[in-house]
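Chemist: Pasted the sequence and its predicted model underneath.
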Amino acid sequence: EFQIGNNIKPLDPKIIASVVRYATRRSQLNRKATGHSLVYNQLYPFLGLQNYTSGIIHHVRLTGLKPDTLYYYQCGDPSIPAMSGTYYFRTMPDSSPTSYPSKIAIVGDQGLTYNTTSTVNHMISNRPDLILLVGDVTYSNLYLTNGTGSNCYSCSFANSPIHETYQPRWDYWGRYMQPVLSKVPIMVVEGNHELDFDIYIYITGDQYKWLEEDLVNVDREVTPWLVVTWHAPWYNTYKAHYREAECMRVVAMEDGVDVVFNGHVHAYERSNRVYNYTLDPCGPIHITVGDGGNREKMAVPYADELGNCPEPSTTLDKILGGGKFCGFNFTLGPATGKFCWDRQPDYSAFRESTFGHGILEVKNETHALWTWHRNQDFYGAVGDQIYIVRQPDWCPVEPKVMKL
């Protein structure tokens, strides 16, 4: 168990082994893997702030697993004995041009709220094979070390000597998600609430070069679909976080990518195929799913509504642009000379301020089904749905760098 307080003593991870017993038959867990364990601490140099030390965290890697196979497993230390109950998971199918996970659940900005519970319950009902969480997991950095939280940390806790966090939120989230994550693998993208609010993040030229080379080297005969994800969206028509990711967008590549998934904006939005704010039949579709539950409320006003266009100098790219301003007035289309449109932009196909999640189903090399589900709807009801169609014969797949 974690400990939090003024006088805490970290646990010794060496007191217990890290063992997983597993097999394809529940009654015969005859394979064994061992790993290592650790604890981490959050210590503050200020009187009155509570320190934190985690429980023992175990890391065990299972090797030699067969694709698309159901495995049963137990975790613990059999020498004590102290073993968990028996759980199960299914491995991903073999990677090939015709083999994909059947259903990928995609959700962002999750948190631990009543809306989170509704999102997760709806998501489970769709029986995903893989979960992609596109950033902002627990919002632990919106809390003081005594557990007091606020939607606006700087507004409520301006006198705090340091930006505090309440690390037990991570323990609570782990326990809450265990019934899901013990069966379904998850990939997590880092969001701004997993970063230190007091520093800016810079993406260097070397990182851009790595990204460009990585995408260029994807063999589209072997990997037909190129889906990428990061936290802050490039194409967002809500007032909240409007055009705050311009620094990365104006130097990175979009061509060759099929779909981009983001969070950060607490709402749902799906774009048409777009490249540099212009409709492009070969551009990627950008989908924002920052509506997973959070505790900061929904993003509702649109930037294109009267009086809602942000002052450009306030749209700094704090997440990837090092706090710089990289925005510009549009140079093409109905919004030429303006920072915002005065109606829903052509590149925005569907938007709604509702909690929910999405499911991506890749059917074959050229067709994938995207479905967005609202929390307030009955299980299985569809809020937004499209087939995403690749046209490799019509669209070049060599990524290029966009220079403005």
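Modeler: Here it is on my side, so go on. Numbering: from 1, shown residues only.
Chemist: can you map out the strands along the stretch 301-404 of the chain?
Modeler: Here the stretch 301-404 of the chain has its strands, by DSSP state E, counting those that start in this stretch, at 348-352, 356-362, 367-374, 384-389.
Chemist: Please state the offset of the last one from the chain centre?
Modeler: Once both centres are worked out by C-alpha atoms, centre = their mean, to the nearest Å, strand 384-389 turns out to sit 21 Å from its chain's centre.
Chemist: What strands line up against it, and which way round?
Modeler: Paired neighbours of strand 384-389 in the sheet (DSSP bridges): strand 367-374 (antiparallel).
Chemist: Tell me what angle the strand it pairs with forms with strand 356-362.
Modeler: Interaxial angle of strand 367-374 relative to strand 356-362 (axes from the mean of the first three to the mean of the last three C-alpha atoms, to 10 degrees): 170 degrees.
Chemist: Need the residues that contact strand 367-374.
Modeler: 122-123, 126, 225, 258-259, 268, 270, 285, 287, 289, 352, 354-363, 380-390 (C-beta atoms under 8 Å, 6 or more residues apart in numbering). From N, CA and C alone the C-beta is placed, and that goes for glycine too.
Chemist: which parts of it are buried?
Modeler: Neighbour-count burial for strand 367-374, counted by 16 or more other C-beta atoms under 10 Å, picks out 368, 370-374.
Chemist: Any stretches of the stretch 251-400 of the chain with poor pLDDT?
Modeler: Within the stretch 251-400 of the chain, the ranges that satisfy pLDDT under 70 run 251-255, 319-323, 398-400.
Chemist: please redo it, this time with the cut-off set to 90
Modeler: 251-256, 313-328, 332-333, 380, 395-400 (pLDDT under 90).
Chemist: quick one, what contacts the residue nearest to residue 80 when sequence neighbours are not counted?
Modeler: Counting by C-beta to C-beta, 6 or more residues apart in numbering, residue 80 lies nearest to residue 16, which is 7.2 Å off, once chain neighbours are set aside. Neighbour list for residue 16: 37, 56, 77, 80, 82 [criterion: C-beta under 8 Å, 6+ apart].
Chemist: If you rank those by neighbours, which is first?
Modeler: Of all the contacts of residue 16, the highest neighbour tally under other C-beta atoms under 10 Å goes to residue 37, namely 19 neighbours.
Chemist: Could you check how far that residue is from residue 14?
Modeler: Separation of residue 37 from residue 14 (C-beta to C-beta, to the nearest Å) stands at 8 Å.
Chemist: same deal with residue 261?
Modeler: Distance from residue 261 to residue 14, counting by C-beta to C-beta: 40 Å.
Chemist: same thing with residue 45?
Modeler: Counting by C-beta to C-beta, the gap from residue 45 to residue 14 is 28 Å.
Chemist: so residue 274 touches residue 282, yeah?
Modeler: No: if you go by C-beta atoms under 8 Å, residue 274 and residue 282 don't touch, sitting 10.3 Å apart.
Chemist: ok, those two, which is more surrounded?
Modeler: residue 274 (22 against 16).
Chemist: Okay, helices next: where are they in the protein?
Modeler: For the chain, the helices defined by DSSP state H cover 114-125, 153-156, 168-181, 205-216, 246-249.
Chemist: sorry, back to before: tell me which entries of the contacts of residue 16 lie within strands.
Modeler: Counting by DSSP state E, those place 37, 77, 82 in strands.
Chemist: didn't the last one look like it was pressed against residue 74?
Modeler: No: here residue 82 does not reach residue 74: they are 10.4 Å apart, not a contact under C-beta under 8 Å.
Chemist: Residue 221: what's it in contact with?
Modeler: Contacts of residue 221 by C-beta under 8 Å, 6+ apart are residue 97.
Chemist: For it, grab phi and psi.
Modeler: The phi/psi pair for residue 221 (degrees, to the nearest 10) reads phi -70, psi -30.
Chemist: What's the separation between residue 310 and residue 66?
Modeler: To residue 66, residue 310 is 52 Å away according to C-beta to C-beta.
Chemist: which of these two has more neighbours?
Modeler: Shown here are residue 310 and residue 66; by other C-beta under 10 Å, residue 310 has more neighbours (17 against 10).
Chemist: In contact with the closest residue to that one other than its chain neighbours, which residues?
Modeler: Excluding its sequence neighbours, the residue lying closest to residue 310 (C-beta to C-beta, 6+ apart) is residue 242, at 5.3 Å. By C-beta under 8 Å, 6+ apart, residue 242 lies in contact with 236, 303, 309-310, 315, 340.
Chemist: Widest-spaced pair of the residues you listed?
Modeler: 236 and 309 (13.1 Å; C-beta to C-beta).
Chemist: more neighbours, the two?
Modeler: residue 236 (27 against 17).
Chemist: Which pLDDT value belongs to that one?
Modeler: If you check residue 236, the pLDDT there is 97.
Chemist: so it sits right up against residue 246, yeah?
Modeler: No: Residue 236 lies out of contact with residue 246 (C-beta under 8 Å); the separation is 10.6 Å.
Chemist: From the buried residues of strand 367-374, pick the one nearest residue 230.
Modeler: Of the buried residues of strand 367-374, the one sitting nearest to residue 230 (C-beta to C-beta) turns out to be residue 370, at 18.1 Å.
Chemist: Make CSV out of the helices of the chain and add mean neighbour count and distance to residue 395.
Modeler: Formatted as CSV, the helices of the chain follow (neighbours: other C-beta atoms under 10 Å; distance: least, C-beta to C-beta, whole Å):
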stretch, mean neighbour count, distance to residue 395
helix 114-125, 18, 32
helix 153-156, 13, 44
helix 168-181, 16, 36
helix 205-216, 13, 15
helix 246-249, 21, 20
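Chemist: weakest of the ones you listed in terms of mean pLDDT?
Modeler: Going by mean pLDDT, the lowest-scoring of the helices of the chain is helix 205-216, which has a mean of 76.
Chemist: The nearest residue to residue 141 once chain neighbours are set aside: how many residues sit nearby?
Modeler: Spatially, and ignoring its direct neighbours in sequence, residue 141 is nearest to residue 165 (4.6 Å; C-beta to C-beta, 6+ apart). Look at residue 165: counted by other C-beta under 10 Å, it has 23 neighbours.
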